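[1] starting from these lines, generate the structure:
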Amino acid sequence: MEPVAGIDHELIQVSDVKEKPTEPASIPDAGRDIRRPPPTRDLAARAVAAGAALATVAAGLAVRAGADGVFAKYAGSALYTVLLCALVAFCAPRARPLVVAATALGLSWAVEFAQLTGVPAELSAHSTAARLILGSTFNAPDLFWYAVGAAAAWAVHAGATRLSR
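    Down below sits the predicted model:
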């Protein structure tokens, strides 16, 4: 073997090399993915989302009982999307507020555009639950009020996320 400049050519014995621990028990946090938040954080986020969903349903019932006309109709449309935001946040507690709001808005718009097919109207004729969830007739202004609800839910969710950090 030819000597290489700058390298100490002393023979290294295999016994001189210290092994690094490779057993999971000897490596801190080996069984845990450190990129994931602890499960308790997910549970807390789900609890908050469930509470928000219940509060939204209560607000919708209060609007329906205490108001009528245009205000009640469009408040209900906005609250529909707020409820969907809460349900999306419950199902995906780590999702960013913008993703939650955009998903809920997309679902709201999909349901509204589905009303153009007549299928929701047919289902609503046979089921109160279907009428509450799917509606029956297309109403273009609802699209705007869904966006208002999504924006309001996004603002609350983003603010709460910032406060919890």
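[2] what about the longest helix that the chain contains, distance to the chain center?
    The residue-count maximum for a helix in the chain (DSSP state H) belongs to helix 39-66. Relative to its chain's centre, helix 39-66 lies at 13 Å (C-alpha atoms, centre = their mean, to the nearest Å).
[3] and that helix, what does it pack against?
    For helix 39-66, the elements it packs on are helix 69-91, judged by 3 or more C-beta pairs under 8 Å, 6 or more residues apart in numbering; DSSP states H and E. Using the backbone N, CA and C atoms, a C-beta is placed for each residue, glycine as well.
[4] taking helix 39-66 as reference, get the angle to the helix it packs on.
    Helix 69-91 runs at 170 degrees relative to helix 39-66, counting by axes from the mean of the first three to the mean of the last three C-alpha atoms, to 10 degrees.
[5] could I get the average pLDDT for helix 69-91?
    Per-residue pLDDT over helix 69-91 has a mean of 96.
[6] what is the burial count for V70?
    9 (other C-beta atoms under 10 Å).
[7] for it, give its distance to A50.
    31 Å (C-beta to C-beta, to the nearest Å).
[8] who's in contact with A102?
    A150 (C-beta atoms under 8 Å, 6 or more residues apart in numbering).
[9] what's the burial count for the residue nearest to A158 when sequence neighbours are not counted?
    Distances taken as C-beta to C-beta, 6 or more residues apart in numbering put P97 closest to A158, at 4.2 Å, once the chain neighbours are dropped. Neighbour count of P97, defined by other C-beta under 10 Å: 19.
[10] ok, P97 touching W154?
    Yes: between P97 and W154 there is a contact under C-beta atoms under 8 Å: 5.2 Å.
[11] of all the residues in the longest helix of the chain, which ones are buried?
    A45, V48, A49, A52, A53, T56, A59, G60, V63 (16 or more other C-beta atoms under 10 Å).
[12] and stretch 96-108, by the same measure?
    P97, V100, A101, A102, T103, A104, L105, L107, S108.
[13] and the nearest residue to A59 once chain neighbours are set aside, how close does it get to V119?
    Using C-beta to C-beta, 6+ apart and skipping the chain neighbours, the partner closest in space to A59 is L79 (5.9 Å). L79 sits 23 Å away from V119, going by C-beta to C-beta.
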